[in-house]
Each structure stands twice: as C-alpha cells, then as structure tokens.
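Trainee: My questions concern the predicted model and sequence given below.
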Amino acid sequence: LRHFLTTEHLPRSLLEDILDTAASFVDVGGRSIKKVPLLRGKTVVNLFFESSTRTRSTFELAAQRLSADVLNLDIAKSATSKGETLLDTLRNLEAMAADMFVVRHQDSGAPFFIANEVTPNVAVINAGDGRHAHPTQAMLDMYTIRHYKGGFEGLKVAIVGDILHSRVARSQIHALNILGADEVRLIGPKTLLPVEAESLGATVFTDMALGLKDVDVVIMLRLQKERMDSALLPSEGEFFRLYGLNNDKLQLAKPDAIVMHPGPINRGVEIASEVADGPRSVILNQVTFGIAVRMAVMSMAISGQESSAHGRTGGER
Ligand code: CP
C-alpha cells in the first residue's frame, strides 16, 4: 500500500491483509488496542474539510496508538479562510515534515488530487470524499462482518436507505464483492438508488420486505441531506414507514442477522431506537473496530511508502 484512496479494484489479498493486520492490534477481549511503536517519529496530519465525529477521532486515536505525532488542522481557523489554496496549505504542511495526510473533503476526488501532488514520501488516506468513497469505513465494516460472521462466503448483505449519495455504500459494495460475499442487495426508493447499481455488482430492491428476506447483515444508511438536491428529499415520516428499520421488519432477515450503521444515526428516520439499541445492533462495535482498522491502514501505508522510497515496490492505490 502507498496511498489508500478507494477499495475499488484492490486485490482480495490486500483487503485480507488489512483485516488480519487490524486483528493483530486487538487484544483477545476484542476491545483494547495495543500501543505499538510502528509510526514513532512520523507525523500524521488530519485534514478534515467536512465535519466528522467517528472518523476523525478514531484516526487520531489510531495514530496515537501507533506512537505517531498527530496534528489536527482546524480548517475553519486555518489560512484557507484567508485565501490560501489547498496546494499551498499542503506545501506548508510538507515543510513541517508531515508523513501522512488523512483527508476528508466534500468534493469527490479531492484525496486523489492531493495524492498526485504530494512529495513521494507522503502517504494520503481518504477519510471520505464527496459521494465517491470512504474506504476505511468500508474496511472497518468488513472487519465487523468477518468478526461476527466468520467470513464472507455465502453471506447476503443488504444496504438500505440513501445509496445514491453514499460514499460508504460504494466502498462497501466494492469490498464485499472483492471479499466474496454471496449477494449485495441495495434497498431504497428509486430516487435514492444509483443507476449503475447492477454494474457495481449489486441487486436492487425497492420493496424493503423483499430485500430483507433471509439476509445475514443489514446495513442502514441515513438520508444524506448535505449532498442531496432538496427535490429528492422524501418526508421523514414516509421514509421511515417504507424504509426505516424496526423490529417487525428485522424479523424478515435471518434470526442471527446483525444490524450495522456507519453513523451518524437518525433515530426514527432510517432506524428505530428499538433496533439501534437492541441485541442485534453492532453499531458501536463498528466504531471500536475502526481504531484497529485505521491503525492497520496507516501502518501499511507508511511501510509501503518506505519500501517504494527504497525502490522495492510500486504504489497501489
Ligand atoms: N461514519 C462516519 O464517517 O462518521 P463521521 O462523519 O462522524 O466521521
């Protein structure tokens, strides 16, 4: 790994390496994460141009557990508000000897642009770009599924809600197909389903009862109003009636199905509290696993940078 920008087209062995490396950081109990010296002397810069609770905090914790120095640039208070360009900001951070940029940006493609511009010794990790990709979220979701289901073979996974605007869903669909899931179902109203769903390797359902039948994993997504044309915005009450997950609808999935959500959750819009806080929910476990998965991605990217600097390997994206 050199940069980690997308799950699309990555080899299965690399995704499995990320999951195995993450598992090596987790103690037997599954919650506590070891502190290791893998990034000692390295500087990680969190560049979040969009709001975040989970991703930013777990990247910061992951970098600390890897013994890196961490700088969280406060974009609102940075010189970008005085007209400094993104490139000039990057050059200045490189002059502070940054080794890694963790980037979240409202524009699809921004981390790819940054990865093309940085000096060869800097790694770039995509922490979510527009509606395009959120690869570390997808990998922590894959870790969660593997943890609870033991693997991907034979699994039917339903992703429900606003798929059209979801970078998480795109990265999950790629990762699930690469890792060998049996079926990926996308469930939502026609207006919130991507036209390219089938070419992505997913089956589309507009009827939630049909889509949830016998699935092993249910992943709920919120309405992403910040990326939505207001003409597409359904009424929240109607959306909950048709596509919100409550205990009655969850009965249609397999009896041991798990319920996931990348967060933030909107209670009573896409998920009822009885499900979000219920026994089948692994939503907070996803957050915990995110620390180890981000440690894995960061440590693999730094070692990939060091290898390519010594001319040993090429740069996967
Ligand atoms: N899942 C996720 O990306 O959450 P945040 O926006 O809080 O980082």
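Mentor: Perfect, I can see it now.
Trainee: contacts and neighbour counts: CA atoms only from here.
Mentor: OK.
Trainee: Would you map the helices across the stretch 1-150 of the chain?
Mentor: Using DSSP state H, counting those that start in this stretch, the helices of the stretch 1-150 of the chain run over 12-25, 54-65, 86-95, 110-117, 135-149.
Trainee: Residue 242: which of the ones you listed is closest?
Mentor: Comparing the helices of the stretch 1-150 of the chain against residue 242 with CA to CA, the closest turns out to be helix 135-149 (24.8 Å).
Trainee: Could you list the buried residues of that closest one?
Mentor: Of the residues in helix 135-149, those buried by neighbour count under the rule 16 or more other CA atoms under 10 Å are 135-145, 149.
Trainee: For residue 291, give me its contacts.
Mentor: 33, 58-59, 61-62 (CA atoms under 8 Å, 6 or more residues apart in numbering).
Trainee: Please name the nearest non-neighbouring residue to the residue most central in space within the chain.
Mentor: In the chain, the residue lying closest to the centroid (CA atoms, centre = their mean) is residue 137, at 1.6 Å. Leaving aside its chain neighbours, residue 137 sits nearest to residue 168 (6.6 Å; criterion: CA to CA, 6 or more residues apart in numbering).
Trainee: Tell me the residues of the protein that contact the ligand?
Mentor: Within the chain, the residues that sit near the ligand (CA under 6 Å from any ligand atom) are 52-56, 262-264.
Trainee: same thing but 8 Å
Mentor: Neighbours of the ligand within the chain, by CA under 8 Å from any ligand atom: 51-57, 127-128, 134, 137, 168, 261-264.
Trainee: from those residues, which would you call buried?
Mentor: Neighbour-count burial (16+ other CA under 10 Å) applied to the residues of the chain next to the ligand gives 54-57, 127-128, 134, 137, 168, 261-263.
Trainee: for the residues you listed, which one is nearest residue 118?
Mentor: Using CA to CA, those come closest to residue 118 at residue 127, 16.6 Å.
Trainee: So the closest one sits against residue 57, correct?
Mentor: No. The criterion here is CA atoms under 8 Å, and residue 127 misses it with residue 57 at 11.4 Å.
Trainee: Any figure for the gap between the residue in the stretch 101-250 of the chain positioned nearest to the ligand and residue 244?
Mentor: The nearest approach of the stretch 101-250 of the chain to the ligand comes at residue 137, 6.3 Å away (CA to the nearest ligand atom). Residue 137 is 22 Å from residue 244, where distance means CA to CA, to the nearest Å.
Trainee: Now do the same contact list for the residue of the stretch 101-250 of the chain closest to the ligand.
Mentor: Residue 137 neighbours (CA under 8 Å, 6+ apart): 55, 127, 168, 262, 290.
Trainee: and residue 86, how many neighbours?
Mentor: By other CA atoms under 10 Å, 12 other residues sit near residue 86.
Trainee: ok, and the closest non-adjacent residue to it?
Mentor: Residue 86 sits nearest to residue 80 (CA to CA, 6+ apart), 7.2 Å away.
Trainee: Roughly how far does the one you found sit from the ligand?
Mentor: Distance of residue 80 to the ligand, given as CA to the nearest ligand atom, to the nearest Å: 21 Å.
Trainee: and that residue, how many neighbours does it have?
Mentor: 13.
Trainee: I'd like to check which residues are in contact with the nearest residue to residue 99 once chain neighbours are set aside.
Mentor: Nearest residue to residue 99, sequence neighbours excluded (CA to CA, 6+ apart): residue 122, at 4.7 Å. Residue 122 makes contacts with 98-101, 305, as judged by CA under 8 Å, 6+ apart.
Trainee: which helix is the longest one in the chain?
Mentor: helix 283-309 (DSSP state H).
Trainee: got TSV for the contacts of residue 137, with pLDDT too?
Mentor: Shown next, in TSV, are the contacts of residue 137 (pLDDT from 0 to 100):
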residue	pLDDT
55	98
127	98
168	98
262	98
290	97
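Trainee: Need the max-distance pair from these.
Mentor: 168 and 290 (13.7 Å).
Trainee: Contacts only, for the residue in the stretch 201-317 of the chain that the ligand sits nearest to.
Mentor: Residue nearest to the ligand within the stretch 201-317 of the chain: residue 262 (4.2 Å; CA to the nearest ligand atom). The contact partners of residue 262, taken as CA under 8 Å, 6+ apart, are 137, 141, 168, 220-221, 283, 286.
Trainee: Tell me the secondary structure of it, please.
Mentor: Judged by DSSP: H, G, I helix; E, B strand; the rest coil, the three-state class of residue 262 is coil.
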